[in-house]
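Enquirer: Okay, predicted coordinates and the sequence, questions at the end:
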Protein chains: 2
Amino acid sequence: MMELTRKGEYAIRGIIYLARQAPGKMALISEIAEATEVPQTFLAKIFQNFAKLGLVNSYRGTGGGFMLGRPASRITLREVVEAVEGPIIPNRCLMGGSACDFDRQCNVHPVWRRVQSEVVHILESVTIEELARETK
Amino acid sequence: MMELTRKGEYAIRGIIYLARQAPGKMALISEIAEATEVPQTFLAKIFQNFAKLGLVNSYRGTGGGFMLGRPASRITLREVVEAVEGPIIPNRCLMGGSACDFDRQCNVHPVWRRVQSEVVHILESVTIEELARETK
DNA sequence: ACCTTTAGGACCCGTTTTGTCCTTTATATC
DNA sequence: GATATAAAGGACAAAACGGGTCCTAAAGGT
């Protein structure tokens, strides 16, 4: 249960790689893919997504590539995960709309809410900068 | 991310129904399925699983059916969820074996470990007895 | 014997995951 | 302006997974 998909894994690896680049240095998707051992075309989709959300900036043409959209210290793990996996929702019931009409009477509800807020809180408190730091 | 599957949802509904029965009273799978609005054959598989794990006891033949394997106060939500969904593992890396060889160098690892232990802790602390209590 | 009820295996189908491939668009350089 | 480079975007596809169904077997009661 609760497994991160490969896409999520790749996304994290990719953005950490970017965060480790010298400031101002551009990285090609081909380079990132090779370094992180992720299929290039698949990683490209992930980064297109990142770009749309402003997590990274992309530049086309010669000398182009990807850079972080803001300092790694201001990108949280939560943002990265949710960018590719969608919101952290342990149970459909917690989604809005008509997904669940038992909201009131169901005792399980508050449990999932707790799980959700705990996990979000943990992922929110971790920045890509921390993750990118070299371990010695 | 992290969504409980329908199977997990059904499992919880089913066992809560059992927990609400009068002590010693047997419930038929057909009855549980109808009451909880779960496809009967599907629910049957789930309860077969429960039975193997001792969460419920099953009895065949006329007058047979299902009962809780132990008091609802000693069955945790974690057990029920893991019975049908498998262990709570936010990232394949956390599985044993050769799933991940980055264990040492990877900063993300400890984060997933925290997520895992937090979620397990929450689900562990909730019993089926609590969930079965009528809300007023 | 016969009926009831769970156990277990085989199968099925739609969706999601995990990609690939090809074309288009933007940009820099010659 | 032509050309090379790189990302953007869409179409497609195999494999895994989720969510079931169906049929037969086994166990137990009458």
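Expert: Received the coordinates, thanks.
Enquirer: What is whichever strand or helix holds residue A:52 packed up against?
Expert: Using DSSP states H and E, residue A:52 sits within helix A:40-53. On a contact count with 3 or more Cβ pairs under 8 Å, 6 or more residues apart in numbering or on different chains; DSSP states H and E, helix A:40-53 meets helix A:6-19, helix A:29-36, strand A:56-59, strand A:65-68, helix A:77-85. Every residue, glycine included, has its C-beta placed from N, CA and C.
Enquirer: what's the closest of these to DNA strand C?
Expert: helix A:6-19 (3.5 Å; Cβ to the nearest atom of the strand).
Enquirer: at contact distance from DNA strand C, anything in the closest one?
Expert: Yes - contact of helix A:6-19 with DNA strand C (Cβ under 7 Å from any atom of the strand) involves A:6-7.
Enquirer: before we move on, back to that, just put the helices and strands packed on helix A:40-53 in JSON lines and tack on mean pLDDT and distance to residue B:59.
Expert: JSON lines is the format used below for the helices and strands packed on helix A:40-53 (pLDDT from 0 to 100; distance: least, Cβ to Cβ, whole Å):
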{"stretch": "helix A:6-19", "mean pLDDT": "95", "distance to residue B:59": "44"}
{"stretch": "helix A:29-36", "mean pLDDT": "96", "distance to residue B:59": "55"}
{"stretch": "strand A:56-59", "mean pLDDT": "97", "distance to residue B:59": "60"}
{"stretch": "strand A:65-68", "mean pLDDT": "97", "distance to residue B:59": "62"}
{"stretch": "helix A:77-85", "mean pLDDT": "97", "distance to residue B:59": "43"}
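Enquirer: In TSV: these, plus mean neighbour count and distance to residue B:131.
Expert: Below are the helices and strands packed on helix A:40-53 laid out as TSV (neighbours: other Cβ atoms under 10 Å in any protein chain shown; distance: least, Cβ to Cβ, whole Å):
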stretch	mean neighbour count	distance to residue B:131
helix A:6-19	21	30
helix A:29-36	17	42
strand A:56-59	16	43
strand A:65-68	21	44
helix A:77-85	20	28
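Enquirer: about what we covered before: alpha carbons of the helix holding residue A:52, as CSV, please.
Expert: In CSV, the C-alpha atoms belonging to helix A:40-53 read as follows (Å, rounded to 0.1, in the frame of the first residue of the first chain):
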residue,chain,number,x,y,z
GLN,A,40,15.0,9.7,-21.5
THR,A,41,11.7,10.2,-23.1
PHE,A,42,9.9,9.3,-20.0
LEU,A,43,11.9,11.7,-17.9
ALA,A,44,11.3,14.4,-20.6
LYS,A,45,7.5,14.2,-19.8
ILE,A,46,8.2,14.5,-16.2
PHE,A,47,10.2,17.6,-16.7
GLN,A,48,7.7,19.1,-19.0
ASN,A,49,5.3,18.8,-16.2
PHE,A,50,7.8,20.4,-13.8
ALA,A,51,8.2,23.3,-16.2
LYS,A,52,4.5,23.9,-16.4
LEU,A,53,4.4,24.2,-12.6
